[in-house]
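Trainee: Fold the following.
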Amino acid sequence: MDIVYIRDLKVATVIGIFDWERRIRQTVSLDLEMATDIRRAAASDHIDDALDYKAVGKRLIGFIEASEFQLVETLAERVAEIVVQEFSVPWLRLRVSKPGALRGSQDVGIIIERGDKQA
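Mentor: The predicted structure is shown next:
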């Protein structure tokens with residue numbers, strides 16, 4: 001499989017467990033690696049044959065902006081479900097980080113993989 005990726009997609013959302021976090025929007029950052037086979041798109045040179053990273057990005061931005069999860073884990077799982085189900089991605093690696101969540105660190109977050117990379 002080939003990989004289409006989106007790096008450092010920043011989205012403002014309500015996320016967190018503390019009362020003050022429920023009243024503000026914070027920025028989360030996403031890195032996605034999505035398995036796909038690019039050969040058909042390369043041969044046709046047409047977006048209809050490609051994994052459209054712009055469409056993926058727009059869908060995720062809209063979803064995350066409207067969400068109000070408490071945990072980064074929940075956000076990551078829902079994002080992975082959208083990408084796998086709506087964009088027919090057989091495997092993805094997703095990194096979700098929350099900059100400024102831990103004093104002294106650049107960011108904290110999680111990395112998950114879903115699906116079968118060999119599919």
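Trainee: can you give me phi and psi for residue 50?
Mentor: In terms of degrees, to the nearest 10, the main-chain angles of residue 50 are phi -110, psi 160.
Trainee: Secondary structure class of the residue nearest to it when sequence neighbours are not counted, three-state.
Mentor: Nearest non-adjacent residue to residue 50, counting by CB to CB, 6 or more residues apart in numbering: residue 41, 3.7 Å away. The way it works is simple: take the backbone N, C-alpha and C, and place the C-beta from them, glycine included. Taking DSSP: H, G, I helix; E, B strand; the rest coil as the rule, one finds residue 41 in the helix state.
Trainee: Secondary structure element for residue 3, which one?
Mentor: Assigning secondary structure by DSSP states H and E places residue 3 in strand 2-13.
Trainee: and the next element down the chain from that strand?
Mentor: Reading on from strand 2-13 to the C-terminus, the next helix or strand found by DSSP H and E is helix 19-22.
Trainee: Next, the buried residues of that following helix.
Mentor: Counting neighbours by 16 or more other CB atoms under 10 Å, one finds that helix 19-22 has no buried residues.
Trainee: Need the contact partners of it.
Mentor: With contact meaning CB atoms under 8 Å, 6 or more residues apart in numbering, helix 19-22 is reached by 14-16, 68.
Trainee: which pair in those residues spans the largest distance?
Mentor: Comparing every pair within these by CB to CB identifies 16 and 68 as the most remote, at 9.6 Å.
Trainee: Looking at these two, which is more packed in?
Mentor: Neighbours were counted for residue 16 and for residue 68 using other CB atoms under 10 Å; residue 16 has more, 19 against 11.
Trainee: So the more buried one versus residue 26, what's the distance?
Mentor: According to CB to CB, to the nearest Å, residue 16 stands 7 Å off from residue 26.
Trainee: Residue 109 now?
Mentor: The gap separating residue 109 from residue 26 is 12 Å, by CB to CB.
Trainee: Comparing those two, which shows the higher neighbour count?
Mentor: Comparing residue 109 with residue 26 by other CB under 10 Å, the one with more neighbours is residue 109, at 19 against 15.
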